[in-house]
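> Provided below are the primary sequence and the corresponding predicted coordinates.
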Amino acid sequence: MQQLIATLHHAALQPAGWHGFLLALERAVPGVGATLFGVNAASREAIYVTTGQGIDAQGLKVFADYYHRINPFSGYFLNLAPGRAERSLAHIDDAQLQRTEFYNDWMRQQDDLIGGVALKTRAYRSSSLFVGVNVRRQRREETDARALVLLEQLEPYISHAFEVSQVVAELRATALTGRDDQADQGGVVITDHDFMVLWADPAILSGMAGLLRVDMLGRLRFGDPDVQLWAAQDQTRFGRGGNALRQCEAGPYIIRKLIGPHAEMPVSPLFPGFFHGSGWSERQRTFVISRRNRQVTIEDRLGARFQLSAAEVAIATLIAEGHSTQEMADLRQTSLHTIRNQIRAVLAKMEVRDRGGVIREVMAEKNRNP
C-alpha cells in the first residue's frame, strides 16, 4: 500500500509517474491489466492515456484502432459516481456481455478478459480520471474483490494526485506560453492522432473562441481551415529524437506543434500518448499557442525543442557559458548532487554524450532564426 501511495506522490508532480502507478497496481493485484483513461461524454468513447503491462501491445493497437468505439463499458464508466470504485458486473451481466462483438472478438483474445473494476476520481474543473483494472475469468471473484477494496482505499490518494497534477499542468502551461492573467494570451492543447482532446489548459478554451474550439465529439478544430490543414500534416517524424516540431501563424498567435516520441510537453498532466510502451507515441500531438507580440527567447526555444524543465534550461545555458559543476552549484545555490543529476538529464534529453554536445546544441539554437 505504501509503495502505491509513493507512486501517486510521484504522479502528482511528474506525468511519467502515472505509468509507474499502474505497474505497481498490477503487481499488487497479480494477473490484471491496469489502464488509465478519460471518457468523452459526447461520443461515449474512452480516451486511453496509458496502460501497464497486463494487456499485450498488439491487443491494445487493435483496441484503439476499432474496438474502443464499440466498448459496452463506456456507458458504465460515465455513470460511475465520483470517488467510487465499482465492479463492472454490477452494470453489465456476463450473459449480456458475451453476446457482444467486443467480447467475442477482443476480450476473449486477451487471455479471456471478462470484466473488472473501475474507479472514477473526484472531479477537478468538471474533469475526472478513471482507473480501470481488467480482470480475467480465472479466479475472477477473488481478483474482483481484491481490486475493489484496494481502489477504494487508494481513492483519496488517486483523486488528490489527479487534482495536483492538473494544477501543476496549468502552472506549467502559464510559464510555457508566457501569458499573464488574461485568457487570450495563449495555452496548450494535447490531442491524440484524431484530434481528440486529451487535455487542454482551461484558459485556452475560455478565451480563444475565434482561434479554436472543441466540437461536439470532443475533437480540436481550428477556426482557419489552412491552420487545420497544417495541424493535420507532418505525420512523418523527423529531426533529433524522431520529433516533428513546426509552427505557423494564425492572426496574432503563433502555434507550435510537436509530434513524436517526446510529444509530452512538460505541461501534460498525464503520461503522454496512447499506450506507453507499445510504440504508439506518434499518435499524440501537442499544440503550444502564444501571442506573437511576446519575444520568444533562446531559453524558450531550448525548452520547447528538447522538453527541458526551467532548471535544465538554466543548466544547459551555464554549460554553454563554460561554468564548472561547482560554479553552477554556487550560482544556483544548490548541491553538487542536484547539479550532476540535472546535467545528466540535459545530456539525455539533448541526446549528446558530453558537455561539448550541449554547447553545440545551444550555439546552434542561438544561430537559428526564430
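It's in.

> for the stretch 251-370 of the chain, what spans make up the helices?
With helices called from DSSP state H, counting those that start in this stretch, the stretch 251-370 of the chain shows them at 298-306, 310-320, 325-332, 336-350, 355-367.

> any chance of JSON lines for these, columns mean pLDDT and distance to residue 84?
In short, each C-beta sits where N, CA and C put it, glycine included. What follows is the helices of the stretch 251-370 of the chain, written out as JSON lines (pLDDT from 0 to 100; distance: least, Cβ to Cβ, whole Å):
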{"stretch": "helix 298-306", "mean pLDDT": "83", "distance to residue 84": "39"}
{"stretch": "helix 310-320", "mean pLDDT": "91", "distance to residue 84": "38"}
{"stretch": "helix 325-332", "mean pLDDT": "92", "distance to residue 84": "45"}
{"stretch": "helix 336-350", "mean pLDDT": "94", "distance to residue 84": "39"}
{"stretch": "helix 355-367", "mean pLDDT": "90", "distance to residue 84": "49"}
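
> out of these, flag the one nearest residue 25.
Closest to residue 25 of the helices of the stretch 251-370 of the chain is helix 336-350 (Cβ to Cβ; 26.9 Å).

> taking helix 355-367 as reference, get the angle to the closest one.
Following axes from the mean of the first three to the mean of the last three Cα atoms, to 10 degrees, one obtains 60 degrees for the angle between helix 336-350 and helix 355-367.

> which positions in helix 336-350 come out as buried?
Residues 339, 342, 343, 345, 346, 347, 349, 350 are the ones in helix 336-350 that count as buried (16 or more other Cβ atoms under 10 Å).

> settle this for me: residue 118 is touching residue 75, isn't it.
No: using Cβ atoms under 8 Å, residue 118 makes no contact with residue 75, being 12.0 Å away.

> so for the two, which residue has more residues nearby?
Applying other Cβ atoms under 10 Å to residue 118 and residue 75 shows that residue 118 carries more neighbours, namely 25 against 12.

> what secondary structure does that one sit in?
Counting by DSSP: H, G, I helix; E, B strand; the rest coil, the backbone at residue 118 sits in strand.

> who are the contact partners of it?
73, 76, 77, 80, 85, 86, 88, 130, 131, 132, 133 (Cβ atoms under 8 Å, 6 or more residues apart in numbering).

> from the middle of its chain, how far away would the helix or strand where the fifth one lies be?
Spelled out, that is residue 85. Element membership for residue 85, per DSSP states H and E: strand 84-87. Once both centres are worked out by Cα atoms, centre = their mean, to the nearest Å, strand 84-87 turns out to sit 24 Å from its chain's centre.

> same deal with stretch 73-82?
The answer for stretch 73-82 is 21 Å, by Cα atoms, centre = their mean.
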